[in-house]
Structures are given as C-alpha cells and as structure tokens.
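# Fold the following and give me the result.
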Amino acid sequence: LVHGTETPPLKILIRYLINDLNELPEEFIIVLDDYHRINNSTIYKIIDTILNNPPGNVHMVVISRRDPPINITKIRSYGNLFDLRMSRLRFSTDEIVTLAKKYLSIEINRDQASILEQKTEGWIVGLRMALMRIATSHNVEESIAELNIDHHNSHQYLAEEVLLGQPESMRKLLLVASISARFSREFLEAVLESEDENALYPDNALFDQLISSTLFIIPLDEEGHWYRFHHSFHDFLSKHFEIEFTKEQILAYHKKASLFFEENQHFDQAIRYAVKSDDVNRIAQIFDRHKHKLLVRDEFTRLNNWLKLVPEAYIDTQPQILLTRAFLCDTTGDYQAMKNDLALAESILPGLPADTDTSGHIWGEYYAIRSCLSYITGNTKEALNNSKEALNLLPHHRSTYLRAFVLAYRSLALQNSGQGKKVSKMLETSLNEMSSASTLRMSTLLIKSLVHAFEGNLSVILDSALQYRQISLVNKLYASFTYAIYYI
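Here you go, the predicted model:
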C-alpha cells in the first residue's frame with residue numbers, strides 16, 4: 001500500500017489497519033490527545049470505524065475539549081465506552097490530601113483539603129499552583145486560609161492552552177458569556193443580538209459546540225438550560241473581556257443583559273447590570289415599573305436589597321429611587337432619614353410637572369410619604385392636606401399599596417382631629433367597593449383595626465383582624481399575617 005502509485009479507497013485502508021492491529025501480539029493503548037484540533041472528515045471516518053469495530057487487543061483514548069464527531073451509540077450499547085467528563089476529573093477532598101502527601105510531601109488534613117477544593121473547584125492546575133505555594137510556607141494552616149490562587153500563572157496557562165486556540169466566533173462567545181455568573185442560550189442571544197433583526201448571534205450550532213466542549217463549563221440544572229464557568233476560568237475570561245472590548249461595547253453588552261433579566265423577571269440582576277452599564281435612567285425605570293409588585297407582596301427586605309445595589313450618587317439624583325428609600329424608612333422607624341430624603345427630593349422634583357401620566361404618580365409618592373412624616377411629627381393638618389394630594393395623584397391600578405399606606409395615615413389624622421365617624425364611614429365605603437380577597441381590602445382592614453384599637457372597640461377589632469388574617473394567608477403575605485395575629 002505504501003509503495004503503490006494510487007491511494008486505495010478509504011474502506012480498504014481502514015480494513016487493512018484494523019487487520020494489522022488485530023495481528024499485534026500484545027495489548028496496547030492508542031492515545032489521541034487534543035482531538036478537538038482535528039478538522040478532517042477522513043480522519044473522523046477512520047477513528048469512528050475503528051471504534052465501532054475495535055480490534056480485541058487495542059484500547060483507544062480520545063482526549064478532546066469538546067465532544068468529538070464520533071458515533072458512540074453502538075460502543076455504549078456494548079459497554080465498551082468509558083466517558084470521563086470534567087466533573088470526574090475534579091479532585092475530591094481525599095484525593096487532594098493524597099496529592100499533597102505523595103507529590104509534594106505536604107501533610108494536610110481533610111478540613112484544609114476541603115478549603116483547597118472550594119478555592120480551586122478541584123482543578124488540577126490550580127491545585128498544583130496552590131500546593132507549590134503552601135510547600136514554601138512555614139505555617140500550612142495560615143497559608144491555606146490566606147491562599148489566593150496565582151492568577152498570573154493560571155491565566156497565562158488558560159490563555160495559551162484554551163482561549164488562543166479557539167476560532168474568533170467562539171472566543172467572542174466565551175468572553176461575552178463571562179459578563180454573567182451564569183448564562184443560557186437565550187441570554188447569549190439577547191446580549192449578542194445582531195443589529196439585523198432577522199439574524200441572531202450565536203447560532204444554535206455554535207452554542208451547542210460551546211456546551212459540548214469541555215471548556216470548564218458546569219451545568220446548573222438537569223434540563224441543560226443554565227450553565228456557568230469554572231470560577232478560575234470565569235475570572236480569567238472576565239479580565240480578558242475588559243481588555244478586548246471597548247468601553248462603549250462593554251456598556252452596551254451590560255445594558256442588553258439588564259434588559260434580558262428584566263424581561264425574565266430577574267429584577268435584582270436587571271438592576272445590577274443597569275448599574276454596570278452606567279445607565280441611571282434605566283435603573284430608575286426598573287424601580288418605577290416593578291417596586292409596587294414587591295410592596296403588595298410585603299417584600300420590603302428585597303426592595304431594600306435593590307437599593308443596596310445602587311450607588312449613593314445615583315439614588316440622590318433619581319426621585320423614583322430616592323422616594324423608595326424614603327418610604328422604607330417607615331418600616332425601620334428612621335424618620336430623620338425620611339425627612340432628609342424628602343428634603344433632597346424637594347430639590348429635584350420641581351423639574352417634573354405634577355399633572356402628567358409619567359410624573360404625576362411620582363409626585364403622588366412624595367405626598368404619600370410626606371403625609372406619613374407629617375402625622376408622625378404631630379402636624380395633623382399637613383398630614384390631611386398631603387394625604388389628599390397623594391390620593392388624587394396615585395393611580396388605582398399601579399399604586400395599590402401606597403394608596404392603602406396613605407389611607408392609613410389619613411384615617412389616623414382624621415381621628416386625631418376629632419373626625420372618628422368620618423373615618424369609619426370612609427373605611428366602610430372603601431371596603432364595600434373592594435373584592436373579598438384583594439390586598440387593598442386587607443390593608444384597609446388593618447387600618448380599621450388600628451383606628452378602633454385607639455377607640456377601644458375590641459369586638460370590631462377582632463372581626464376585622466380575622467378577615468385580615470384570612471386574606472393574608474390566601475395571598476401568602478406572612479408579614480401581614482403577623483399584624484393580624486397581633487390584633488387578634
């Protein structure tokens with residue numbers, strides 16, 4: 001065959017090769033490393049045929065960073081396939097103890113090995129770098145506790161061995177995927193959407209190639225929807241993302257990520273990426289559109305967590321965010337902070353007209369919070385005026401909780417001014433207009449309980465509180481449930 005003038009057909013070549021392998025007297029192993037670098041259909045055909053018609057004395061090891069184009073169904077059905085994925089290459093705690101002792105003569109216990117496993121995720125390159133550093137330390141325990149993986153060396157390894165060997169389209173996909181702690185096909189399509197509405201990037205084949213690769217990718221669910229990178233690889237990609245893209249591109253990617261997360265109801269992430277995109281107006285819009293949903297579900301802690309994501313300088317310039325912080329002061333009893341935030345709001349609100357659909361509700365929020373502060377500080381007349389303005393401006397369809405909030409302080413102010421009968425009539429009228437299980441009805445019942453508590457009408461309190469408790473349970477509002485128990 002070697003000395004022939006023409007190359008025989010591929011089938012004949014493969015047959016001769018398999019026969020020759022069968023005639024070898026001893027068992028041996030063929031190792032094909034970096035198989036992902038091969039891009040030749042003839043080689044694919046040869047290897048696939050050998051694997052599906054294996055010589056009895058041959059074992060073949062195929063090492064690749066993505067699933068090779070091999071038909072493994074028949075091999076698997078005969079039990080001749082051993083599939084070794086990244087998760088099985090990850091060193092366990094016991095294996096780290098053995099590795100340290102056998103190769104570097106370092107004695108570490110299981111607790112210390114567990115810390116190393118967490119910091120490196122069992123990645124052998126990271127482990128070897130960590131153990132080499134620990135070996136030069138006089139105090140193993142302190143060295144492990146203070147360990148920071150040698151990013152320079154590990155990043156150099158990742159750059160040379162992984163990233164630089166990828167085609168341009170895959171490099172871009174890897175780098176952009178690293179802007180989030182987790183990614184999915186839909187996420188990448190949204191962030192990398194082409195200016196051409198009919199063309200989405202990446203295409204399905206490229207994403208499938210990414211997921212089938214072994215590029216330090218870890219699935220986060222059984223459905224194969226969400227994924228993340230190995231922590232060290234993610235850190236490496238994030239740094240290269242900042243280097244390889246312009247500031248304008250980076251801001252644009254973060255903005256698209258924010259839009260994706262908002263559309264998919266992940267509002268914490270939407271705010272986080274709006275901050276990264278340096279888009280303060282978008283942050284304010286997210287608060288404006290979605291904070292009322294949290295209020296009606298008693299999710300004050302989550303709303304406060306949203307605020308923690310936003311830089312102070314942004315909060316102080318956006319009334320939608322500033323008034324959110326001022327409102328939450330009522331839940332903590334910090335009325336001095338509420339007063340300070342309202343004073344700051346007064347300096348930026350005049351730029352908004354009070355009689356438009358887009359800004360009228362913002363003025364309504366301001367007057368709602370002002371009515372609370374007025375009542376708390378003993379200014380009943382001002383509380384009545386502010387609550388009236390608030391109820392005129394707050395829309396029924398989107399400010400349910402705030403309207404109930406205003407109604408509460410208006411009722412208390414009316415009661416303080418000797419208009420108790422007017423309060424009872426107002427509350428009964430409101431209750432008659434509400435559905436039996438609405439959150440607004442629940443809030444109104446709470447107000448009714450509070451008003452009658454001041455008047456000593458215990459029987460009325462019990463009836464209102466029992467209704468209040470039932471509605472809070474139906475709507476799974478457990479913070480409200482505790483108020484009902486208090487009045488009962």
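# which residues touch Val406?
367-368, 371, 387, 390-391, 394 (Cβ atoms under 8 Å, 6 or more residues apart in numbering). Every C-beta, even on glycine, is put in place using the N, C-alpha and C of the backbone.
# For PyMOL, write the select line for the buried members of those.
Only the buried members of the contacts of Val406 enter the following PyMOL selection, criterion being 16 or more other Cβ atoms under 10 Å:
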select buried, resi 367+368+371+387+390+391+394
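# which one of the contacts of Val406 is nearest Trp226?
Trp226 has its nearest neighbour among the contacts of Val406 in Leu394, at 38.5 Å by Cβ to Cβ.
# For the protein, just list every one of the strands.
Secondary structure of the chain, counting by DSSP state E: strands at 28-32, 58-62, 217-219, 227-229.
# quick one: average confidence on stretch 210-219?
Stretch 210-219 shows an average pLDDT of 71 in the prediction.
# For the residue nearest in space to the middle of the chain, give me the pLDDT.
With distances taken as Cα atoms, centre = their mean, Gln269 lies nearest the centre of the chain, 5.3 Å away. Confidence at Gln269, expressed as pLDDT, is 94.
# which non-adjacent residue is nearest it?
Phe261 (3.9 Å; Cβ to Cβ, 6 or more residues apart in numbering).
# and that neighbour, what is it in contact with?
Here Phe261 is in contact with 267, 269-270, 273 (criterion: Cβ under 8 Å, 6+ apart).
# export the residues you listed to a markdown table and tack on distance to Asn475?
Shown next, in a markdown table, are those (distance: Cβ to Cβ, whole Å):
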| residue | distance to Asn475 |
| --- | --- |
| Phe267 | 20 |
| Gln269 | 26 |
| Ala270 | 25 |
| Tyr273 | 31 |
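# from these, which is closest to Gly224?
Distances from Gly224 to the contacts of Phe261, taken by Cβ to Cβ, are shortest for Gln269, at 20.5 Å.
# residue boundaries of the helices in the stretch 251-400 of the chain?
267-276, 280-296, 300-308, 312-315, 319-332, 335-348, 360-376, 380-393, 400-416 (DSSP state H, counting those that start in this stretch).
# Now for the protein, the helix or strand with the poorest mean pLDDT.
Between all helices and strands in the chain, the lowest mean by mean pLDDT, DSSP states H and E belongs to helix 151-161, at a mean of 52.
# Report the separation between the residue nearest to Ile271 when sequence neighbours are not counted and Ile321.
Excluding the flanking residues, the one nearest Ile271 by Cβ to Cβ, 6+ apart is Leu309, at 4.9 Å. As judged by Cβ to Cβ, to the nearest Å, Leu309 and Ile321 stand 10 Å apart.
# Next: Ser238.
Counting by Cβ to Cβ, the gap from Ser238 to Ile321 is 27 Å.
# Give me the more crowded residue out of the two.
Ile321 (23 against 15; other Cβ atoms under 10 Å).
# Okay, the more buried one and Val296: tell me how far apart.
19 Å.
# Sketch out the low-pLDDT regions of the stretch 251-400 of the chain for me.
Residues of the stretch 251-400 of the chain meeting the criterion pLDDT under 70: 351-358.
# Quick one, grab the pLDDT at Ala135.
65.
# scratch that, Val62 is what I was asking about
For Val62, the predicted pLDDT is 86.
# hey, what's it bridged with?
Counting by DSSP bridges, Val62 is bridged to Leu32.
# Could you find the closest non-adjacent residue to Phe91?
Using Cβ to Cβ, 6+ apart, the nearest residue to Phe91 is Gly122, at 4.1 Å.
# repeat for Phe260
Per Cβ to Cβ, 6+ apart, closest to Phe260 is Ala190, 3.9 Å.
# swap in Leu373?
Met338 (5.6 Å).
# wait, doesn't that neighbour sit right on Leu322?
No: using Cβ atoms under 8 Å, Met338 makes no contact with Leu322, being 11.0 Å away.
# the more surrounded of the two?
Set side by side, Met338 and Leu322 show more neighbours around Leu322, with 25 against 22, by other Cβ under 10 Å.
# and the more buried one, how far is that from Lys74?
From Leu322 to Lys74 the distance is 66 Å (Cβ to Cβ).
# Please apply the same query to Ala284.
60 Å.
# which of the two has more neighbours?
Ala284 (22 against 12).
# quick check, nearest of the contacts of Phe261 to His292?
Using Cβ to Cβ, those come closest to His292 at Phe267, 12.0 Å.
# burial measure for Glu27, as a count.
10.
# So what does the residue nearest to it when sequence neighbours are not counted have for phi and psi?
Excluding its sequence neighbours, the residue lying closest to Glu27 (Cβ to Cβ, 6+ apart) is Asn57, at 4.6 Å. The phi/psi pair for Asn57 (degrees, to the nearest 10) reads phi -110, psi 10.
# list the contacts for the nearest residue to Gly224 once chain neighbours are set aside?
Distance criterion Cβ to Cβ, 6+ apart; nearest residue to Gly224, sequence neighbours excluded, is Ile211 at 7.3 Å. Counting by Cβ under 8 Å, 6+ apart, Ile211 makes contact with 217, 224, 227.
# What separation do you get for Ile211 and Arg66?
9 Å.
# same question, Asn19
On the measure of Cβ to Cβ, Asn19 and Arg66 end up 31 Å apart.
# residues in contact with the residue nearest to the centre of the chain?
180, 257-258, 261.
# just Asn53 next, same as before
Asn53 touches Ile18, counting by Cβ under 8 Å, 6+ apart.
# Need the winner for burial among the strands of the chain.
Among the strands of the chain, strand 227-229 has the highest mean neighbour count (mean count of other Cβ atoms under 10 Å), at a mean of 19.
# Run the chain-centre distance for that one.
12 Å (Cα atoms, centre = their mean, to the nearest Å).
# can you list contacts of it?
177-178, 181-184, 211, 215-220, 234, 237.
# Now, of these, which are buried?
177-178, 182-184, 215-218, 234, 237.
# Quick check: closest non-adjacent residue to Ile72.
Leu81 (5.7 Å).
# Tell me, how many residues neighbour that neighbour?
13.
# Equivalent analysis for Lys45, please.
By other Cβ under 10 Å, neighbour count at Lys45 equals 15.
# which residue packs closest to it, ignoring adjacent ones?
Leu10 (6.3 Å).
# measure that neighbour to Pro55 for me?
18 Å.
# now do Thr93
Thr93 is 40 Å from Pro55, by Cβ to Cβ.
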